[in-house]
Every structure is written in C-alpha cells, then in structure tokens.
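Enquirer: sequence first, then the predicted structure, then my questions.
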Amino acid sequence: MAGPVAEAAARPPVPPAELKAFLRLAASDEDALLAALVRSAADACEAFVGRLLIARGVAEALPASTGWTRLGLAPVRAIESVAALGADGAETALPADAFAIDIDAAGEGWVRLTAPRDERRVQVRYTAGLAEEANGVPEAIRHGIVRLAAHLYARRDTAEPAPPPAAVSALWRPWRRLRLS
C-alpha cells in the first residue's frame, strides 16, 4: 500500500535569494542550481522532521477499519473527505455518519469507519503543514535549510560524500516527529 501523497509545495520555505546572500554570491549564473539545492534541502528537512513545512493537500489510502488509524503526515490542519476505494481504484464518497475523524493536540489526524464495509481501503484527503506560507516556517528550520543547501553547494564538485553539518540536525531536532509503530 502506498503512503501519503502530498501535493508539491508551491514555493520553497526559503527563497533562493536567502541562500545566495548566505553564500555571498553576486552573480546570477547559478540561480537555477541554488533553487534546486533549496528544494532538495527542504525535502530533506521534511523527511527528517516527519512534517510538511508548508500546508498543502494530501491524499492517503488507508485500510478500511473500524479502529482508529493515524494519518501519515502532520501536522494535520483539516480533514476534507473520506471515500471508499473500490478494487478498481474508483472513489465513492462516504456519508458523514459512515466515518469519524479527529485531530489531536499534537496535530495528528485520525480516521475510523463507524461500521464495517465491503471495501478494503479508504481514501482520505486532508491538509497538513506547519505553516500556511514560507514566512510562517520557524526560523530555525529555515536556517537549517539554508545551511544544508550551502553545504550541498560547497560539495557540488566533489565525488566524496560528506555528512551534513551537525548544526543542521540540531536546528531541526526540536520539530522532529518520531513514530513508534
């Protein structure tokens, strides 16, 4: 079963110009590279902290269960719909009394069916993200993205892999979401 699928972020949480200023670059011949490095660093950040940085829509297929099932991405801002998934992948919207939803204080989203169904899976559509826009992303996270992108920029011409600076994980660790299965 595939995991949650988030829409692509409209804008990265850090503008490439911020990385350019951090690196003290004046020329614009590497702007596309800098933008790609910022996107890569932001993706790495989301994977490390286990949260979406900027709010966006998510579609997630879950087992059809009467027990509470946690949604894969957080923090959940809203759960928009729950639909039954047929064997052919067709979605059938469920009436509001066929399921229950909850968003807890930690921003975790939960879904359960109120009665057993013939379908084996449900499709849940929701919105998740720490901030509504890039400026709402905590500064420590933004700075960690800049530092990781700068590290990638400095290592772009070397074949030897190097671990990212320890400061990056130190900046991101307070927002890290760990799940125990």
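Expert: Yep, that arrived. Residues are numbered from 1 along each chain as shown.
Enquirer: partners of the longest strand anywhere in the chain, with directions?
Expert: Using DSSP state E, we find that the single longest strand of the chain is strand 76-85. Strands that pair with strand 76-85, judged by DSSP bridges, come out as strand 91-93 (antiparallel), strand 121-128 (antiparallel).
Enquirer: neighbouring strands of the one helix or strand in the chain whose mean pLDDT sits lowest in the sheet, and parallel or not?
Expert: Each helix and strand of the chain was given a mean pLDDT (mean pLDDT, DSSP states H and E); the minimum falls on strand 5-6 at a mean of 82. According to DSSP bridges, strand 5-6 forms sheet pairs with strand 56-63 (antiparallel).
Enquirer: just give me the longest helix of the protein.
Expert: helix 31-49 (DSSP state H).
Enquirer: so who does the residue nearest the centre of the chain touch?
Expert: Nearest to the geometric centre of the chain sits Leu52, at 2.7 Å (Cα atoms, centre = their mean). Residues in contact with Leu52 (Cβ atoms under 8 Å, 6 or more residues apart in numbering) are Ala6, Ala9, Glu46, Val58, Leu73, Ala74, Pro75, Ala128, Gly129, Leu130. Heads up, the C-betas are built off the backbone N, CA and C, glycines and all.
Enquirer: mind running it again at 6 Å?
Expert: Leu52 makes contact with Leu73, Ala128, Gly129, according to Cβ atoms under 6 Å, 6 or more residues apart in numbering.
Enquirer: look up how far Leu19 lies from Ala35.
Expert: 9 Å (Cβ to Cβ, to the nearest Å).
Enquirer: let's see the helix or strand hosting Ile141 as CSV, backbone CA atoms only.
Expert: Per DSSP states H and E, Ile141 falls inside helix 139-154. The C-alpha coordinates for helix 139-154 follow below in CSV (Å, rounded to 0.1, in the frame of the first residue of the first chain):
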residue,chain,number,x,y,z
GLU,A,139,13.4,30.4,11.7
ALA,A,140,15.5,27.6,13.0
ILE,A,141,14.0,25.2,10.3
ARG,A,142,14.6,27.9,7.6
HIS,A,143,18.2,28.4,8.7
GLY,A,144,18.9,24.7,8.8
ILE,A,145,17.6,24.5,5.2
VAL,A,146,20.0,27.3,4.2
ARG,A,147,22.9,25.7,5.9
LEU,A,148,22.2,22.3,4.3
ALA,A,149,21.8,23.9,0.8
ALA,A,150,25.1,25.8,1.4
HIS,A,151,26.8,22.5,2.3
LEU,A,152,25.5,20.9,-0.8
TYR,A,153,26.6,23.9,-2.9
ALA,A,154,30.1,23.7,-1.4
